[in-house]
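Chemist: Prediction below, plus the sequence it came from.
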Amino acid sequence: MSGQPVCSESLPELPLLLAGPVLRRVEASRMVLWLATSAPVRLRLRLDGRVVALPECPSLQAGGRLFHHLIDAELPEPLVPGAWTPYTLEVADADAPGGWRDLLATEPGLCHAGQTRPGFRWEPNVASLLHGSCRKPHHGSGDEGGAGDGLAEADRLLQRLMAGESTTAWPSALVLTGDQIYADDVAGPMLRAIHQLARRLELPDEVLPGVVADGPASAQALVDHPMGYYRREHLLPRQAVKSGLRDILFGGVAKPVFTTDSAHNHLISLSEVLCMYLLVWSPVPWQGLDLTPPPGLSPRERERYDREAAALDAFVQGLPAVRRAMAHLPVAMIFDDHDITDDWNLSAEWENLAYGHPFSRRVIGNALLGYLLHQGWGNRPEVFGDACRHLAAALAQPGSDEHDAAVTHLLHFHQWHYVWPTEPALVVLDSRTHRWRSDLSSRQPSGLLDWESLTDLQQTLLDRQAVLLVSSAPIFGVKLIETIQHLFSWAGSPLVVDAENWMGHPGAASAILNIFRHPRTPQHFVVLSGDVHYSFVYDVKLRRRTRLRTGARSPDIWQICSSGLRNTFPSGLLAVLDHGNRWLYSPRSPLNWFTRRRHLRVVPRKPEGLPNGRRLLDASGVGLVELDGQGRPWRIRSLLADGRDVSYVPREAEARWD
């Protein structure tokens, strides 16, 4: 593929609507929508047939033919809970009757059967919600049952609800708990599509700082560089580290800044990140792209390219359903590491290496700018005014001082967390940028939340009866896996096993458990997590004596992990870990006394249909949680991409004091 622009005559005309609409935050008198267009537009919202007056709609231009918009509408009349509310978007058009044209009229695939417009139901009292994480586009090539997409399953549930074929309550939200993209693990055909799309959208070039000798000086030079496909790990920086006496005396080892083992096609430039988001959310940008392999691939790389292309073909076929689901459900999002890069902020040493080198700082910054534009912006728009001004300057001049200033601003930004005013409230944690660094060694894993953030969390939770708490990593994980992570951390190699868990840092572990114990924090905690590429449910109870002094009853905690939407764990290894966890940490095992988590009673739930002895579900899908009027889950399921509907059944006989 040449680095020159694609001839416009060789490709179909770009549609005006590239991606979206994505429904974001919805409240009684507020509605937030995100979309991307190929030209500047003036937008108008119609809600249930009525025009909604809009303030100046924030719009950010990323290239000659890419514009991002966020509609944050104040509604003239409050929404009616449970009522079906159709909506449409109109663009100013002097040639159209009345001066406005329906933007969604040419998008029939956005609507469910029997509907002429997309719509939603505002459900402030949460009776059900969908959740999931870890959606890797090229996952499933040759894996049995692995090629489906959990977001498409969310759409299928909505279809059944619209047709009256399900008694499940309409979900109040679709909660995406991390890894919406894999910036550090990109398929060759996806990278090929990204580069073509960037030229079609006329995205500007970007000077890359601190590249290795003979490396590409700019984003455009990267396209045709010999290391541009499947060899990018050789472009990523390495830094000498001297943290121990042996290193100081004999010289530190040059360590790679990026610790992922899948960095062969790691996203680097801002334009690559922007195009990645469009390609994972919408079928439109794929139209007319030529995925012929680039020149220069080795036979082994060509074989891998073809395998990934087959998986991506299945992924693209599912995108209409994904787009439709995101247009009908309020979508709450938060990042995890793969949205930026593997092991993001895992330890103080990692941070010092990554942010101390101009190239790695730019790569991380570009991914964070992309997250702001596509995900963070719609969660809590009111806090991103300054950040969006910096972002606009970076989009206008990639590689400039303004670009670096935008990266610096986001690296010091600490308002990614948020609360949605549902009942129970949806409290979403930022466990990536508020880390509690280890006092023992810069190589030891940091705590997932620092003391100040945990204190703020406690204040947020005070006097609530119930809460939906979103933590990308499970607060209560699989004990054997956590023990293995602890052993690797003790040996000074936490990066080998992604040693990120709440119990791995004494301060963070103690603080979060004390929040659960506090007499004025909720009686019912539903913890929604992802990250680990398998799904499980634990019912957790603190010992009653921890709250008896105040007269309050010990809280009920449900740890619900749904991962991944389109990803799985190595099946053979997970089977060994699953069986090993039950054998080594059975209720009567003495190991429970040596690895206690502050007096917890943990009841695992068995996914229906799994073999005896299995408690961890290894399959792509989306989680579905149904709550009673008190905020307690009465049914927990996984809607799997292979069509199965798996419920989780408590196994009281396997309960253990932890």
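Modeler: That came through, no problem.
Chemist: any idea of the pLDDT on V241?
Modeler: For V241, the model assigns a pLDDT of 51.
Chemist: now swap in G621 and tell me
Modeler: At G621, pLDDT is 97.
Chemist: Isn't it up against S562?
Modeler: Yes - G621 is in contact with S562 according to C-beta atoms under 8 Å; the separation is 7.5 Å. C-beta here means a position set from N, CA and C on the backbone, and glycine is covered the same way.
Chemist: element containing L468, please.
Modeler: If you go by DSSP states H and E, L468 is part of strand 466-470.
Chemist: counting contacts, what elements does that strand pack onto?
Modeler: strand 425-428, strand 524-529 (3 or more C-beta pairs under 8 Å, 6 or more residues apart in numbering; DSSP states H and E).
Chemist: which residues are common contacts for G621 and S562?
Modeler: Counting by C-beta atoms under 8 Å, 6 or more residues apart in numbering, the contacts common to G621 and S562 are 132, 150, 535, 638.
Chemist: now these in CSV, with pLDDT?
Modeler: Output for the shared contacts of G621 and S562, formatted as CSV (pLDDT from 0 to 100):
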residue, pLDDT
G132, 98
G150, 95
S535, 97
S638, 97
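Chemist: Quick check on the residues you listed: which are buried?
Modeler: Neighbour counting with 16 or more other C-beta atoms under 10 Å marks 132, 150, 535, 638 as buried within those.
Chemist: ok so, going back, and the helices and strands packed on strand 466-470: which comes nearest E608?
Modeler: strand 524-529 (20.2 Å; C-beta to C-beta).
Chemist: between the closest one and strand 466-470, what angle do the directions make?
Modeler: Orientation note: strand 524-529 sits at an angle of 10 degrees relative to strand 466-470 (axes from the mean of the first three to the mean of the last three C-alpha atoms, to 10 degrees).
Chemist: helix or strand right after strand 524-529?
Modeler: strand 536-542.
Chemist: what's that following strand packed up against?
Modeler: helix 506-517, strand 556-561, strand 600-607, strand 645-650.
Chemist: rerun at 10 Å
Modeler: helix 506-517, strand 524-529, strand 556-561, strand 600-607, strand 633-640, strand 645-650 (3 or more C-beta pairs under 10 Å, 6 or more residues apart in numbering; DSSP states H and E).
Chemist: Name every sheet partner of it and say whether each one runs parallel or antiparallel.
Modeler: Sheet pairing here is set by DSSP bridges, and for strand 536-542 it gives strand 556-561 (antiparallel), strand 600-607 (antiparallel).
Chemist: Keeping just the C-alphas, turn it into PDB.
Modeler: Written as PDB, here are the backbone C-alpha positions of strand 536-542 (Å, rounded to 0.1, in the frame of the first residue of the first chain):
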ATOM      1  CA  PHE A 536     -17.900 -15.700  37.500                       C
ATOM      2  CA  VAL A 537     -20.100 -14.800  40.400                       C
ATOM      3  CA  TYR A 538     -19.400 -14.800  44.100                       C
ATOM      4  CA  ASP A 539     -21.800 -14.000  46.900                       C
ATOM      5  CA  VAL A 540     -19.700 -12.300  49.600                       C
ATOM      6  CA  LYS A 541     -20.600 -11.700  53.200                       C
ATOM      7  CA  LEU A 542     -18.600  -9.900  55.900                       C
END
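Chemist: hmm, back to that, which pair of the shared contacts of G621 and S562 spans the longest distance?
Modeler: G150 and S535 (10.2 Å).
Chemist: any common contacting residues for the two?
Modeler: Residues touching both G150 and S535 (C-beta atoms under 10 Å, 6 or more residues apart in numbering): 132, 562-564, 619-623, 638, 640.
Chemist: Now render these as CSV, adding distance to L75 and secondary structure.
Modeler: Shown next, in CSV, are the shared contacts of G150 and S535 (distance: C-beta to C-beta, whole Å; DSSP: H, G, I helix; E, B strand; the rest coil):
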residue, distance to L75, secondary structure
G132, 29, strand
S562, 31, coil
S563, 35, strand
G564, 35, strand
A619, 40, coil
S620, 36, coil
G621, 34, strand
V622, 29, strand
G623, 30, strand
S638, 35, strand
L640, 37, strand
